[in-house]
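Peer 1: okay, structure incoming, though there's no sequence with it:
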């Protein structure tokens with residue numbers, strides 16, 4: 001999972017499987033709250049699952065400004081580049 005497209009595909013799969021969100025609702029432009037009905041507990045669960053799957057740590061500041069699925073992709077991409 002190195003490119004933004006691969007990260008998006010993996011994130012989309014996780015959101016479909018773990019959060020039972022219909023795949024056609026998950027786009028890079030989709031807002032986590034307004035479009036995908038994410039609440040703060042879902043966000044915490046998503047971060048924990050990403051840390052487990054990617055074997056890297058995220059800080060609360062990493063996700064402070066996150067609004068869309070694309071924002072999450074960018075954070076993951078940046079973190080993977082740092083750890084490469």
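Peer 2: That came through fine. Keep in mind that what you see is a predicted model, and the values were worked out from it rather than measured.
Peer 1: as a check, name the ranges of all helices in the protein.
Peer 2: 4-19, 40-54, 69-83 (DSSP state H).
Peer 1: wait, which of the ones you listed is closest to residue 28?
Peer 2: helix 69-83 (3.6 Å; CB to CB). C-beta coordinates here come from the backbone N, C-alpha and C atoms, glycine included.
Peer 1: what helices or strands is that closest one leaning on?
Peer 2: Under the contact definition 3 or more CB pairs under 8 Å, 6 or more residues apart in numbering; DSSP states H and E, helix 69-83 sits against helix 4-19, helix 40-54.
Peer 1: turn the helices of the chain into TSV, including distance to residue 62.
Peer 2: Listed next are those as TSV, based on distance: least, CB to CB, whole Å:
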stretch	distance to residue 62
helix 4-19	14
helix 40-54	8
helix 69-83	5
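Peer 1: which stretches of the chain have low pLDDT?
Peer 2: For the chain, applying pLDDT under 70 flags the ranges 1, 84.
Peer 1: let's check: the centremost residue of it is which one?
Peer 2: Nearest residue to the geometric centre of the chain (CA atoms, centre = their mean): residue 72, 4.2 Å.
Peer 1: surely that residue meets residue 66?
Peer 2: Yes - between residue 72 and residue 66 there is a contact at 5.9 Å, judged by CB atoms under 8 Å.
Peer 1: ok so, going back, what would the helices and strands packed on helix 69-83 look like in CSV with mean neighbour count and distance to residue 30?
Peer 2: Compiled in CSV, the helices and strands packed on helix 69-83 are given as follows (neighbours: other CB atoms under 10 Å; distance: least, CB to CB, whole Å):
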stretch, mean neighbour count, distance to residue 30
helix 4-19, 16, 9
helix 40-54, 14, 13
